[in-house]
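1. structure for the following, please:
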Amino acid sequence: MDFDIVSESTDQTIEIGNKIGAQLKGGEVFAIIGPLGSGKTHLIKGIAAGAGAKDSTQVNSPTFVIVNEYAARLDIYHIDAYRLNSTEEFDKIGFDDFCRPDSVVLIEWADKIISALKGINFIQISLSHLTENQRNILIQNTPEHMVL
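-> Sure thing, here's the model as predicted:
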C-alpha cells in the first residue's frame, strides 16, 4: 500500500512520523530519501516519539557517528548514509545486526546504499520540497498494519 501525503509544516511532518511510530510492530526497515532540508530528520523525530522514545528531542541526524540508537518500546536504529561511499561501508556498520523482530531501522540518505537493501522488504519514504514550508511525503510498500 502506498500513501502520498502533503505536509504543510515541520510540526505536521513530525506528526506524520508520530503516526507511523505508533504503529510499528518491529522488524521494519525504512529507506528514507530526500534532498537536504526536505524533512527526513523531522519525520524520524516523529517516528521515534510515536514508538515511545523517552526523549525524541535528542533525535538528530547521526552524520558523524553514522548510527544513533533510541530506546523505546522497540530498539530504534537511525542510520545516516550521507557520508558512506559504498555499500561495503554500509555493511561494515553492522546493518544485519540491527535487523531484528524487536527493532526498527531508519536509514536517512538511503538512496546512497539502496542496492544493499535488495532482498529486504523495506518501506521507502521519499520526501520532496513543494514550497518553502510544504513537503510531499510518498510512503511506498507500507505494511498492511500501517494506516495513515
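2. ok, Leu148 to Glu89 distance?
-> Counting by C-beta to C-beta, to the nearest Å, the gap from Leu148 to Glu89 is 33 Å. Any C-beta I mention is one placed from the backbone N, CA and C, and that applies to glycine too.
3. kindly apply the preceding question to Arg73 instead.
-> According to C-beta to C-beta, Arg73 stands 30 Å off from Glu89.
4. what helix or strand is Ile32 located in?
-> Using DSSP states H and E, Ile32 maps to strand 29-33.
5. and the helix or strand just after that strand, what does it pack against?
-> Downstream of strand 29-33, the next assigned helix or strand under DSSP H and E is helix 40-50. On a contact count with 3 or more C-beta pairs under 8 Å, 6 or more residues apart in numbering; DSSP states H and E, helix 40-50 meets helix 10-22, strand 29-33, strand 75-80, strand 103-108, strand 123-129.
6. what about 10 Å?
-> For helix 40-50, the packing partners by 3 or more C-beta pairs under 10 Å, 6 or more residues apart in numbering; DSSP states H and E come out as helix 10-22, strand 29-33, strand 67-71, strand 75-80, strand 103-108, strand 123-129, strand 135-140.
7. show me what contacts the residue nearest the centre of the chain?
-> Nearest to the mean C-alpha position of the chain, counting by C-alpha atoms, centre = their mean, stands Leu106 at 3.6 Å. For Leu106, the contacting residues are 17, 20-21, 28-32, 40-41, 43-44, 47-48, 51, 59, 68, 70, 76-80, 98, 123, 125, by C-beta atoms under 10 Å, 6 or more residues apart in numbering.
8. try it again at 6 Å.
-> 30, 44, 78 (C-beta atoms under 6 Å, 6 or more residues apart in numbering).
9. what does Tyr77 give?
-> 67, 69, 98, 105.
10. one more: Lys40?
-> 32, 34, 108, 127 are the contacts of Lys40 under C-beta under 6 Å, 6+ apart.
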